[in-house]
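Engineer: I would like the atomic coordinates for the input below:
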Amino acid sequence: MNKQVISSLILAIGLALAGLFVYCGIHQVASKDRAVVVKGLSTRDVKADYVVWALDFCVRGNEISSLYSDLAQIEQIARSFFMDKGFKAEDLTRGNVSIDDNWASYYDRKPEYHYTLRTSLVISTADVERVIANLGCQSELLKKGVILQSYDWNTNFQYNGLPEIKPEMVQEATQNARAVAQKFAEDAQCRLGSIQQANQGQFSIESDSYQPWIKHVRVVTTVSYYLK
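Structural biologist: Here you go, the predicted structure:
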C-alpha cells in the first residue's frame, strides 16, 4: 500500500512539473511574439555636386558639305562663349552629329530645306554654381547667331555624396523609430525590449521642382522591437 502511495505521489509530482515546464515554455513563446513594428524617417536637403548640361543646336540647308562647316562654326562660337564664362576646355564636349533628310518623307508641302544637321555641346562639370549662373544665357547666344534648341530641361544635376551622409541618416531614422516604439510601449503599459528585426530601407533622391540643383534625400527604416 505504501508503495502505491509513493508511486502516485511521484507520478503527481512529475505531472505537475511537466505542466509547469509547459506553462513556462508557452509563456516564453508568447512573450517573444509580443512585438511592435515601427518606421523611422530621416531626410536631408543637399546641393548637387555635379551637372551635365546638354545644349542642342542645328543648321538647315540644301548642301551637306556647307552645313557641316556652318555647324562647326556655330559649335566653336558656343564653345568660346562658355570658355569666356569661365568654363574649362575639358568641361566641354561636342556631341554626335545627326542628319535629317526633310525631303525623304513629307505630306502636303515640300520643306524649304533639304537637310537638317544637329549636334550638341555638352558641359560636364563639378562647378554647379557656374552652371546655375548661366542657365539663362540663350539670349546672349542668340546675339551671336546661335539658336539653342533646348534649354534648362536638358540639365542633369547630380548628387554623389550619398555614401558620406548615409550612416548618419540611417542612425537618425533608427533613433526616430525607437522613439515611436518607446511611446507605443508606454501607452501599452509595457517595456520596450531589444530589436527583433530591422530593415534599413532604400534611399531616394529627388530633385526640387523649382530648383533642380537642390536634392531631397530620404530614407525610411522599418524596425521591430520586442515588448516585455
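
Engineer: distance of His79 relative to Asp91?
Structural biologist: In this structure residue 79 is Arg, not His. Distance of Arg79 to Asp91, given as Cβ to Cβ, to the nearest Å: 10 Å. Bear in mind the C-beta positions are built from the backbone N, C-alpha and C, glycine included.

Engineer: repeat for Leu192
Structural biologist: Taken as Cβ to Cβ, the span from Leu192 to Asp91 is 54 Å.

Engineer: and for Lys143?
Structural biologist: 23 Å.

Engineer: which of the two has more neighbours?
Structural biologist: Between Lys143 and Asp91, counting by other Cβ atoms under 10 Å, Asp91 is the more crowded of the two (19 against 7).

Engineer: low pLDDT regions in this protein?
Structural biologist: Along the chain, segments meeting pLDDT under 70 span 1-33, 150-153.

Engineer: so which residue is dead centre in it?
Structural biologist: For the chain, Ile205 is the residue whose C-alpha lies nearest the centre (Cα atoms, centre = their mean; 2.7 Å).

Engineer: which SSE is it in?
Structural biologist: Assigned by DSSP states H and E, Ile205 belongs to strand 204-207.

Engineer: list the buried residues in that strand.
Structural biologist: Ser207 (16 or more other Cβ atoms under 10 Å).

Engineer: name every strand pairing with it and say which way it goes.
Structural biologist: strand 214-227 (antiparallel) (DSSP bridges).

Engineer: and the strand it pairs with, C-alpha only, in PDB?
Structural biologist: Taking Å, rounded to 0.1, in the frame of the first residue of the first chain, the C-alpha atoms of strand 214-227 are listed here in PDB:
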ATOM      1  CA  ILE A 214      18.600  71.000 -54.700                       C
ATOM      2  CA  LYS A 215      18.100  67.300 -53.900                       C
ATOM      3  CA  HIS A 216      15.700  65.900 -51.400                       C
ATOM      4  CA  VAL A 217      17.300  62.700 -49.800                       C
ATOM      5  CA  ARG A 218      15.000  60.400 -47.900                       C
ATOM      6  CA  VAL A 219      15.200  57.000 -46.100                       C
ATOM      7  CA  VAL A 220      12.700  55.100 -44.100                       C
ATOM      8  CA  THR A 221      13.800  52.300 -41.800                       C
ATOM      9  CA  THR A 222      11.400  49.600 -40.500                       C
ATOM     10  CA  VAL A 223      12.300  48.200 -37.100                       C
ATOM     11  CA  SER A 224      10.500  45.500 -35.000                       C
ATOM     12  CA  TYR A 225      11.000  45.600 -31.200                       C
ATOM     13  CA  TYR A 226      10.200  43.100 -28.500                       C
ATOM     14  CA  LEU A 227       7.700  44.100 -25.900                       C
END
